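Coordinates for the following, if possible.
(one chain, ligands or ions: 2)
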Amino acid sequence: MSGEKFILSLDEGTTSARAIIFDREGDIKGIGQYEFPQHYPKPGWVEHDPEEIWSAQIRAIKTALERENVEPSQIAAIGVTNQRETTIVWDKTGKPLYNAIVWQCRRTAEMVEEIKREYGDVIKEKTGLVPDAYFSASKLKWLLDNVPGLREKAERGEVLFGTVDTFLIYRLTGEHVTDYSNASRTMLFNIKKLDWDDELLEMFDVPSEVLPEVRESSEIYGYTKRELLGREIPVSGDAGDQQAALFGQAGFETGMVKATYGTGSFILANTGKTVRYSSNLLTTIAWGLDGRVTYALEGSVFVTGAAVHWLRDGIRIIKHASETEELARRLESNEGLYFVPAFVGLGAPYWDQFARGLIIGITRGTGREHLARATLEAIAYLTRDVIEEMEKLVGIKELRVDGGATANDFLMQFQADILDRRVVRPVVKETTALGAAYLAGLAVDYWESLKEIQNLWKAEKIFEPTMDKETREKLYHGWKEAVKRALGWAKVVEA
Ligand SMILES: Nc1ncnc2c1ncn2[C@@H]1O[C@H](COP(=O)(O)OP(=O)(O)O)[C@@H](O)[C@H]1O
Ligand SMILES: O=P(O)(O)OC[C@H](O)CO
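Ligands and ions are numbered 1, 2, ... in the order given. Here you go, the predicted structure:
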């Protein structure tokens, strides 16, 4: 056993929990990963069992360490990053009091519509968010109103609320904390005053006793309980997964933009110390570091990789996500077929909770290659929708990309073409986990500075735009028309 030290990053995503060991170069030394079940108790509802999240996460840690023969004593620090907004309540013993309500869950859509009508502007001003069932506030209100006895317990100070980072850190260390980036996604946090907001707490009927303490994204929150890994290891990094990915992409300067293509796509632009507002994008906290908060603009697209997943598990026209690439390449163009994957409404920049998925332009010649191509193209169009909004506020030179679907070269090239911008894919694709590792490592002096981290970032492949303007704009026009037809559909069929 060598005495080399590493950083362990816990990346708890929507569908799986990963544990990744990084070395000083920011290279991956080992990975453990386990999927956990998705629960859909009613149409549009999505839940996770926090115990299933926890056991997947612990197994992932043990697998990563055992596989690579790394001893817990070689872990200098642990960083945590997580699917954001997903809401958990538990008691002081760490026992969950209900399933986690997942960010994708639409159960509070009507509740939010009502609040939005009266308080939309106030919420935007204070939290930077476009009111939506996506964020934690309405989910927490739902829990307090619907789980028998929960509100009374909460008022007695016996209930702890948190996003998944907070739950994991509580179980790991016993500390009830979160970081600025995660707090900024609850819709209860004032991103300018950097504190929980009394008016919002009142609006959502949330007793302040349940809230975690909000800390920087890089500092020691506590130490792992000895019974977990046989050692007390500092837990010293915490950021929402999308903000962590911006950090892992070394997106430290104003105007740097990354897009992560996972279940959904999340495009974030660093706006530095400035809080910039856009009516169709979110203003969010990227991280808190060295006594300073960095802000970002975010376009959250709810369904992208999940649409590829649907081709595989829903209509079963492919066996593996990667097959979409070969299918798409069989065609010269989309031949007029568009797919708007608005399975759970549309997020940025449309924010329509009632939009639903649509496939348009079907002819007798339409086959699975068209659908595969339309799915990949939709992912790229949805990203352009967001970048167009961002460009009104920040200059954007290139797009740094990461996440599962970036393995698809067809998609990456089409993305560069449709944006008319360079798309850059880094060597280390696990930028979310890497970002959390960097945050944890900075707090314990494993890495010294942002400059050092910047020097570790390396491009693997650059996709240059090659499409002519006329084709690009014609294709994009078709997309905008297809989206128009998907908007509000749930209202039409419910009426
Ligand atoms: N080669 C590929 N082409 C297109 N989509 C892909 C490819 N590989 C994976 N995906 C999609 O990417 C997603 C997985 O990415 P990942 O970053 O692991 O997601 P998450 O962290 O959200 O669970 C899946 O939804 C999958 O359908
Ligand atoms: O788990 P992911 O990678 O799909 O990310 C989910 C986002 O954090 C939701 O806001």
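
CA atoms for contacts and neighbours, from now on please.
Fine.

what does the stretch 1-150 of the chain put close to ligand 2?
13-14, 83-84 (Cα under 6 Å from any ligand atom).

Which ones among these map onto helices?
Judged by DSSP state H, those include no members of helices.

Out of those residues, who's the most crowded?
Counting neighbours by other Cα atoms under 10 Å, residue 84 comes out on top of those with 28 neighbours.

Run the chain-centre distance for stretch 217-225.
Stretch 217-225 sits 22 Å away from the centroid of its parent chain (Cα atoms, centre = their mean, to the nearest Å).

Could you export it as CSV, CA atoms only?
Only the C-alpha atoms of stretch 217-225 are listed here, as CSV (Å, rounded to 0.1, in the frame of the first residue of the first chain):
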residue,chain,number,x,y,z
SER,A,217,-18.8,25.4,-0.9
SER,A,218,-15.2,24.7,0.3
GLU,A,219,-14.7,24.3,4.0
ILE,A,220,-14.6,21.5,6.6
TYR,A,221,-18.2,20.8,7.6
GLY,A,222,-17.4,17.8,9.8
TYR,A,223,-15.7,14.5,9.9
THR,A,224,-17.0,11.1,8.8
LYS,A,225,-18.4,9.0,11.7
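
Next, format the residues of the stretch 1-150 of the chain next to ligand 2 as a markdown table and append distance to residue 183 and pLDDT.
Output for these, formatted as a markdown table (distance: Cα to Cα, whole Å; pLDDT from 0 to 100):
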| residue | distance to residue 183 | pLDDT |
| --- | --- | --- |
| 13 | 17 | 93 |
| 14 | 18 | 91 |
| 83 | 13 | 95 |
| 84 | 9 | 96 |
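
So which bits of the lengthiest helix in the chain are buried?
Using DSSP H to define each element, the chain has its longest helix at helix 368-391. By 16 or more other Cα atoms under 10 Å, the buried positions in helix 368-391 come out as 369-387, 389-390.

Kindly report the same for stretch 221-231.
Counting neighbours by 16+ other Cα under 10 Å, stretch 221-231 gives 221-225, 229 as buried.

ditto for stretch 403-414
For stretch 403-414, using 16+ other Cα under 10 Å, the buried residues are 403, 405-408, 410-414.

and residue 137, what is it in contact with?
Contacts for residue 137 (Cα atoms under 8 Å, 6 or more residues apart in numbering) come out as 186-188, 204.

ok, now with 6 Å
Listed by Cα atoms under 6 Å, 6 or more residues apart in numbering, the contact partners of residue 137 are 186-187.

The helix or strand harbouring it: what's the following helix or strand?
For residue 137, the enclosing helix or strand under DSSP states H and E is helix 136-146. The helix or strand immediately downstream of helix 136-146 is helix 150-155, counting by DSSP H and E.

per-residue confidence averaged over that following helix?
Averaging pLDDT along helix 150-155 yields 95.

in it, what's buried?
Within helix 150-155, the residues that count as buried by 16+ other Cα under 10 Å are 150-151, 154.

Next: stretch 455-474.
In stretch 455-474, counting by 16+ other Cα under 10 Å, buried: 457, 462-465, 467, 472.

before we move on, the earlier item: show me which of the buried residues of stretch 221-231 is closest to ligand 2.
Each of these was checked against ligand 2 using Cα to the nearest ligand atom; the closest is residue 221, at 21.2 Å.

what does the protein have sitting close to ligand 1?
Counting by Cα under 6 Å from any ligand atom, the chain comes close to ligand 1 at 13-16, 262-263, 305-306, 308-309, 321-322, 324, 403-405, 407-408.

Check the spacing between residue 460 and ligand 1 real quick.
Taking Cα to the nearest ligand atom, to the nearest Å as the measure, residue 460 falls 16 Å from ligand 1.

list the helices and strands the strand or helix carrying that residue packs on?
According to DSSP H and E, residue 460 maps onto strand 459-463. Under the contact definition 3 or more Cα pairs under 6 Å, 6 or more residues apart in numbering; DSSP states H and E, strand 459-463 sits against strand 422-426.

In contact with the residue in the stretch 201-350 of the chain that ligand 2 sits nearest to: list those residues for me.
As assessed by Cα to the nearest ligand atom, ligand 2 sits closest to residue 263 within the stretch 201-350 of the chain, at 4.5 Å. Neighbour list for residue 263: 304-306 [criterion: Cα under 6 Å, 6+ apart].

quick one, phi/psi of it?
Backbone geometry at residue 263, expressed as degrees, to the nearest 10, gives phi -50, psi -50.

so residue 266 sits right up against residue 302, yeah?
No. Counting by Cα atoms under 6 Å, residue 302 is not a contact partner of residue 266; they are 8.2 Å apart.

how about the helices in the stretch 51-200 of the chain?
109-127, 136-146, 150-155, 164-173, 180-183, 198-203 (DSSP state H, counting those that start in this stretch).

buried sites along the longest one?
By 16+ other Cα under 10 Å, the buried positions in helix 109-127 come out as 109, 112-113, 115-116, 120-121, 123-124, 126-127.

Just the closest of these to residue 340, please.
Nearest to residue 340 out of those is residue 109 (Cα to Cα; 20.3 Å).

How much space separates the closest one from residue 345?
Relative to residue 345, residue 109 is positioned 10 Å away (Cα to Cα, to the nearest Å).

give me the low-pLDDT residue ranges for the stretch 51-200 of the chain?
Residue ranges of the stretch 51-200 of the chain with pLDDT under 70: none are present.

mind checking how far the nearest residue to residue 305 once chain neighbours are set aside is from residue 413?
Closest residue to residue 305 apart from its sequence neighbours, by Cα to Cα, 6 or more residues apart in numbering: residue 263 at 4.5 Å. Taking Cα to Cα as the measure, residue 263 falls 20 Å from residue 413.

got it, and residue 57?
Applying Cα to Cα, the value for residue 57 to residue 413 is 34 Å.

And residue 349, by the same measure?
23 Å.

Going by distance to residue 336, which of the residues of the stretch 1-150 of the chain next to ligand 2 wins?
residue 14 (32.7 Å).

what's near enough to touch the closest one?
Residue 14 sits next to residue 83 when contact means Cα under 6 Å, 6+ apart.

For the remainder of this discussion, apply numbering that starts at 691.
Understood, numbering begins at 691; the last thing we discussed is residue 704.

Helices of the stretch 991-1140 of the chain, residue ranges please.
995-999, 1013-1019, 1058-1081, 1099-1109, 1121-1133, 1140-1146.

Relative to residue 781, which of those is closest?
Closest to residue 781 of those is helix 1121-1133 (Cα to Cα; 26.6 Å).

What average pLDDT does that closest one get?
On average, helix 1121-1133 scores 97.

Name the surrounding residues that touch that helix.
Under Cα under 6 Å, 6+ apart, the answer for helix 1121-1133 is 697, 699, 701, 768-771, 908-909, 926-927, 931, 934-935, 937-938, 1137.

Next step: those residues restricted to helices.
931, 934-935, 937-938.

closest to ligand 1 among those?
Closest approach between the ones in helices among the contacts of helix 1121-1133 and ligand 1, by Cα to the nearest ligand atom: residue 931, at 8.7 Å.

right, and that closest one touches residue 772 too?
Yes. With contact defined as Cα under 6 Å, residue 931 reaches residue 772; the gap is 4.9 Å.

in the stretch 1041-1185 of the chain, what residue is nearest ligand 2?
Taking Cα to the nearest ligand atom, the stretch 1041-1185 of the chain has residue 1093 as its residue nearest ligand 2, at 7.7 Å.

From residue 704, how far out is the nearest residue in space to residue 1101 that is not next to it in sequence?
Take residue 1101 and drop its neighbours on the chain: the residue closest to it by Cα to Cα, 6+ apart is residue 1066, 5.8 Å away. In this view, residue 1066 and residue 704 are 21 Å apart by Cα to Cα.

now do residue 823
Here the criterion is Cα to Cα. By it, residue 823 lies 16 Å from residue 704.
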